[in-house]
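Trainee: with the input below, show me the fold.
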Amino acid sequence: MITGATRGIGRAGAERLAAEGADLVLTGTDPGRLDDLRAMFPDAVVVANDASSPTTGSDLLDAVGPRGIDGLWLNAGFAATEPLAEVDAESFDALMATNVRGPFLQLAALAARLNTSASVLVTSSTSAYEAGPTTAVYAAGKAALIAAAQTWASELADRGIRVNTLVPGPIDTGFRDFMHPDTRAGFERAVLGNVPLGRVGTPGEAAAFLLSEDASYVTAAQYAVDGGLTHR
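Mentor: Presented below is the predicted three-dimensional model:
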């Protein structure tokens, strides 16, 4: 299962896993993009699911039905920037409901369906380490996921279930399209100035390894896909 699979690294991951023969359950919120997923992955179960909903976990449980889960990628989320003085309860709660509470409720509901030796992957962000201006709420949410994944790894280890965190940096996913083009261009120039590899990553440079049995001895890890940004 991949939440937030309609675009970016979620969709790229779905393409990779489908090519390797996985049976997929894919989620998203945009009706048009969900239709695109159904056309691209005719054998997949494609369902509308809003990670900000209090019923996101139980809704996913209904979508899975009685089947067990070998891989769960908690990827749904959105980015937003806001100067500190403009943060209010509404904007804070909206971001945290999707980016933090959503994965908590989803994993809580689906944990019993995870097969022995299953893999859970949580999408965080290098924003948790960058200390970028106006990103405080988003960065705090992504840092919370890193901390949560550490404890989930401990709690589920006795079932052989692995929990790891994917920490993508500047990936070409359209994730920053909410920004004004001038702001986005300046932001990306500033970020790329700190990336040793000097380029934006592509969505395919992510996830499949940690979901596979090739990573059977990897858990509680933070796997940076960032061109060296966080290690500079």
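
Trainee: list the contacts for Asp23?
Mentor: 43-44 (C-beta atoms under 8 Å, 6 or more residues apart in numbering). For glycine as for every other residue, the C-beta is placed from the backbone atoms N, C-alpha and C.

Trainee: and it, helix, strand or coil?
Mentor: coil (DSSP: H, G, I helix; E, B strand; the rest coil).

Trainee: from here on, count from 13
Mentor: Fine by me, first position is 13 from now on; the one you just mentioned is Asp35.

Trainee: ok, it to Ala91 distance?
Mentor: 30 Å (C-beta to C-beta, to the nearest Å).

Trainee: same deal with Trp164?
Mentor: Going from Trp164 to Ala91 by C-beta to C-beta gives 23 Å.

Trainee: what's the first helix or strand after the lowest-mean-pLDDT helix or strand in the chain?
Mentor: Within the chain, no helix or strand scores below helix 193-204, which has a mean of 65 by mean pLDDT, DSSP states H and E. Using DSSP states H and E, the helix or strand that directly follows helix 193-204 along the chain is helix 220-223.

Trainee: before we move on, the earlier item: Trp164 and Ala91: which is more packed in?
Mentor: Neighbours per residue (other C-beta atoms under 10 Å) separate Trp164 from Ala91, with Trp164 holding more: 26 against 17.

Trainee: so that one sits right up against Asn176, yeah?
Mentor: No. Checked against C-beta atoms under 8 Å, the pair Trp164 and Asn176 is beyond contact range at 9.9 Å.

Trainee: what touches both of the two?
Mentor: 132, 134.

Trainee: in three-state terms, how would the residue lying farthest from the centre of the chain be classified?
Mentor: Distance from the centre of the chain peaks at Ala97, with 27.9 Å (C-alpha atoms, centre = their mean). Under three-state DSSP, Ala97 falls in the helix class.

Trainee: state the pLDDT value of it.
Mentor: Looking at Ala97, its pLDDT is 97.

Trainee: who's in contact with the residue most central in space within the chain?
Mentor: Nearest residue to the geometric centre of the chain (C-alpha atoms, centre = their mean): Asn87, 2.2 Å. Listed by C-beta under 8 Å, 6+ apart, the contact partners of Asn87 are 14-17, 21-22, 25, 133, 135.

Trainee: among those, which are in strands?
Mentor: In strands, judged by DSSP state E, the following of the contacts of Asn87 are found: 133, 135.

Trainee: list just the nearest of the contacts of Asn87 to Ile81.
Mentor: Minimum distance to Ile81 across the contacts of Asn87 is 11.1 Å, recorded for Ile14 (C-beta to C-beta).

Trainee: could you list which residues are in contact with the closest one?
Mentor: 22, 25-26, 29, 36-39, 85, 87.

Trainee: what's the spacing between Ala220 and Ala31?
Mentor: To Ala31, Ala220 is 9 Å away according to C-beta to C-beta.

Trainee: okay, those two: which has more neighbours?
Mentor: Ala220 (20 against 9).
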